[in-house]
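# Show me how the following folds:
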Amino acid sequence: MEYGAPNSVSKLYSVPRRFDVAAIMAVQLAYALLFVALRLVQIQPIDFVKVAGFFTCVGVGQAVLFRGKRPRLSSVLLGVVYLVGIYVVHAISRDDSMLQLHYLALLVWLVIAIAGAFCGYFAGVAVGTVFLVSAVMRRAIQRRQSSGVSRDSSASRMQHRQMPQETTHV
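The predicted structure follows:
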């Protein structure tokens with residue numbers, strides 16, 4: 001089959017609505033790596049919370065919005081809402097004049113919304129990658145277990161066939 005042919009279907013990895021142990025472990029590993037990366041760049045604690053909250057919102061949104069059927073759109077929408085929300089909270093806490101509606105403020109809001117869409121999309125890709133890795137590892141473990149079971153059962157049958165029968169002579 002040719003790449004990009006109409007019959008080729010690629011699986012879209014996103015946050016599942018139900019988790020198994022492998023998915024939970026993958027999420028824990030991803031958060032650990034995120035926290036290490038943020039720690040290495042010596043990010044401020046409040047920004048640490050903002051970044052972790054952003055990835056959490058995108059992940060939850062992929063599973064909940066549109067019943068998990070449109071994870072890319074969910075990621076983009078949540079990126080816009082989250083960054084605009086963070087900016088509003090920041091502007092209110094500083095008593096910023098950017099909350100007023102004038103032309104420069106509208107341009108800033110537009111730039112923030114576009115940046116939120118891009119950040120949301122890329123955060124969604126990162127979240128989807130976690131579950132892609134989880135699925136690949138799960139398949140590899142299942143393949144290994146199924147081949148190990150068949151190998152063990154065939155080896156035990158061979159040993160049983162080849163073992164000489166013990167005879168007792170009186």
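# Could you use CA atoms for every contact and neighbour count after this?
Noted.
# Tell me who's in contact with the residue sitting nearest the centre point of the chain.
Centroid-nearest residue in the chain: residue 127, 2.3 Å away (criterion: CA atoms, centre = their mean). Residues in contact with residue 127 (CA atoms under 8 Å, 6 or more residues apart in numbering) are 14-15, 55, 58-59.
# quick one: which of those is nearest to residue 67?
residue 15 (10.9 Å; CA to CA).
# Give me the three-state assignment for the closest one.
What DSSP: H, G, I helix; E, B strand; the rest coil gives for residue 15 is coil.
# What is the neighbour count of it?
Using other CA atoms under 10 Å, residue 15 has 25 other residues around it.
# Next: residue 123.
Neighbours around residue 123, by other CA under 10 Å: 22.
# Ok, residue 59 next?
For residue 59, using other CA under 10 Å, the count is 25.
# next one: residue 140
12.
# Then residue 30?
Count around residue 30 with other CA under 10 Å applied: 17.
# thought it was touching residue 129?
No. Counting by CA atoms under 8 Å, residue 30 does not reach residue 129; the two are 9.7 Å apart.
# ok, the residue nearest to the centre of the chain to residue 68 distance?
13 Å (CA to CA, to the nearest Å).
# Spell out which residues are contacts of both of these two.
Common contacts of residue 127 and residue 68, defined by CA under 8 Å, 6+ apart, comprise residue 15.
# tally of neighbours for residue 83?
Other residues near residue 83 come to 22 when the count uses other CA under 10 Å.
# Next up, the contacts around the nearest residue in space to residue 55 that is not next to it in sequence.
Nearest in space to residue 55, with sequence neighbours left out and distances taken as CA to CA, 6 or more residues apart in numbering, is residue 123 at 6.2 Å. The contact partners of residue 123, by CA under 8 Å, 6+ apart, come to 55, 58, 75.
# Go through these and name the one nearest residue 35.
For the contacts of residue 123, the residue nearest residue 35 by CA to CA is residue 55; the value is 11.6 Å.
# Quick check, pLDDT for that closest one.
Looking at residue 55, its pLDDT is 94.
# Could you report the neighbour count for it?
Residue 55, neighbours per other CA under 10 Å, totals 23.
# same check, this time on residue 60
If you count neighbours by other CA under 10 Å, residue 60 ends up with 19.
# Mean confidence (pLDDT) on stretch 148-165, please.
53.
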